[in-house]
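Q: after the sequence you'll find the predicted model.
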Amino acid sequence: MRYSTAMTSRTDRQVTKPKVYETIDLNLWYHETKALKNVNLPIYEKEVTAIIGPSGCGKSTLLKTLNRMVELVPSVRISGKVEYRGRSILGKDFQVEQLRTKVGMVFQKPTPFPKSIYDNVAYGPKIHGLKDKKQLDEIVERSLKGAAIWDEVKDRLKDSALGLSGGQQQRLCIARALAIEPDVILMDEPTSALDPKSTIKVEELINELKENYSIVIVTHNMQQAARISDRTAFMLNGELIEYDETNTLFSTPSDQRTEDYITGRFG
Ligand SMILES: Nc1ncnc2c1ncn2[C@@H]1O[C@H](COP(=O)(O)OP(=O)(O)OP(=O)(O)O)[C@@H](O)[C@H]1O
């Protein structure tokens, strides 16, 4: 095997960009189930990093480790390190609230609150203490524009978000994530519940967002990873098998297992 998770990938040796995240020898167990095995993964600034692999390989677990959401599962045990901007985030002295204003998350199913479109977007800034109506109006407009949904909702901001289509709801959730002016956006299969047209809109949006944000996206869809990501991490049974520039990983994978997966031989 030319690669293992303990080795530095081709990409990592060449990249001089700042890292937003780095996992170092990361292991994670749910009770006795080992879901992450010695994962070493850098995430670079203002890029889209895709995490791919068959069902149950640990993609979502890895993503949720980055914002420490995984710790909501009581049986979880973790060893190794996760660094955000060079700072270890797993230690007891790190306040998880510090991540909440830096890292937004978008889930598989759109999860708007049963509130107005306006209030969905204003929610984050409000809980972080912003009260000024003019400032909130500006944030709501900027975030909805940033999520490419402003024109569709600007005349119905007081209407319930639940009245939007699934694709619109997902873009609203992206606007909600943008409202806190995050550094990173984590996306867990953000288009898997959407129709093809809405999927394309969200993919186009992701492509625009990477100018200003670092994005990590978990996807089942290899074509999607190939279309929108700069680098791809391929996981299997909790191991990071291969990580490289997306073009390289899909055109000349280094590990036979990656090749088998991307050519549809399993998964
Ligand atoms: N809350 C949990 N409790 C116990 N085991 C879990 C829990 N969540 C995930 N696992 C296990 O951890 C492993 C990795 O799961 P994870 O959801 O991260 O994989 P995935 O690659 O995201 O899968 P999928 O593509 O199907 O969403 C699996 O064996 C899964 O059964």
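A: Arrived safely.
Q: residues of the protein that sit close to the ligand?
A: Neighbours of the ligand within the chain, by CB under 6 Å from any ligand atom: 30, 33, 35, 53, 55-61, 73, 220. All C-beta atoms are positioned from the backbone trio N, CA, C, and that covers glycine.
Q: again, only using 5 Å
A: Residues of the chain found near the ligand (CB under 5 Å from any ligand atom) are 30, 35, 55-61, 73.
Q: quick check on the residues you listed: which are buried?
A: For those, a burial check counting by 16 or more other CB atoms under 10 Å picks out 35, 57-61.
Q: can you flag which of those belong to helices?
A: Members of those lying in helices (criterion: DSSP state H): 59-61.
Q: how about residue 81, secondary structure?
A: With DSSP: H, G, I helix; E, B strand; the rest coil as the basis, the three-state label of residue 81 is strand.
Q: where do the strands sit along the stretch 101-250 of the chain?
A: Taking DSSP state E, counting those that start in this stretch as the criterion, the stretch 101-250 of the chain carries its strands at 103-106, 184-188, 214-218, 231-236, 239-245.
Q: now the ones you listed as JSON lines including mean pLDDT and mean neighbour count?
A: Output for the strands of the stretch 101-250 of the chain, formatted as JSON lines (pLDDT from 0 to 100; neighbours: other CB atoms under 10 Å):
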{"stretch": "strand 103-106", "mean pLDDT": "94", "mean neighbour count": "24"}
{"stretch": "strand 184-188", "mean pLDDT": "97", "mean neighbour count": "24"}
{"stretch": "strand 214-218", "mean pLDDT": "98", "mean neighbour count": "26"}
{"stretch": "strand 231-236", "mean pLDDT": "98", "mean neighbour count": "26"}
{"stretch": "strand 239-245", "mean pLDDT": "98", "mean neighbour count": "24"}
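Q: out of these, flag the one nearest residue 159.
A: Residue 159 lies closest, by CB to CB, to one member of these: strand 103-106, at 21.4 Å.
Q: who does the closest one pair up with?
A: In the sheet, strand 103-106 lines up against strand 184-188 (parallel) (DSSP bridges).
Q: got a list of contacts for the partner strand?
A: The contact list for strand 184-188 (CB atoms under 8 Å, 6 or more residues apart in numbering) reads 20-21, 43, 60, 63-64, 66-67, 84, 102-108, 174, 177-178, 206, 209, 213-218.
Q: got the angle for it vs strand 214-218?
A: 10 degrees (axes from the mean of the first three to the mean of the last three CA atoms, to 10 degrees).
Q: where does the stretch 51-200 of the chain dip in pLDDT?
A: By pLDDT under 70, the stretch 51-200 of the chain has no low-scoring segment.
Q: what's near enough to touch the closest residue to the ligand within the stretch 151-267 of the chain?
A: Nearest residue of the stretch 151-267 of the chain to the ligand: residue 220, at 5.9 Å (CB to the nearest ligand atom). Each residue near residue 220 by CB under 8 Å, 6+ apart is listed here: 52, 55, 189, 192.
Q: confidence score at it?
A: Predicted confidence (pLDDT) for residue 220: 91.
Q: with residue 55 as the reference, measure out to it.
A: Going from residue 220 to residue 55 by CB to CB, to the nearest Å gives 8 Å.
Q: and residue 146, by the same measure?
A: Residue 146 sits 32 Å away from residue 55, going by CB to CB.
Q: got it, and residue 230?
A: The gap separating residue 230 from residue 55 is 24 Å, by CB to CB.
Q: over to residue 67?
A: Plainly put, residue 67 is 22 Å away from residue 55 if you go by CB to CB.
Q: and what of residue 93?
A: Residue 93 sits 36 Å away from residue 55, taking CB to CB as the criterion.
Q: please apply the same query to residue 143.
A: Residue 143 sits 33 Å away from residue 55, taking CB to CB as the criterion.
Q: would CSV of the buried ones among the residues of the chain next to the ligand with distance to residue 128 be doable?
A: Converted to CSV, those look like this (distance: CB to CB, whole Å):
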residue, distance to residue 128
35, 32
57, 35
58, 31
59, 29
60, 26
61, 28
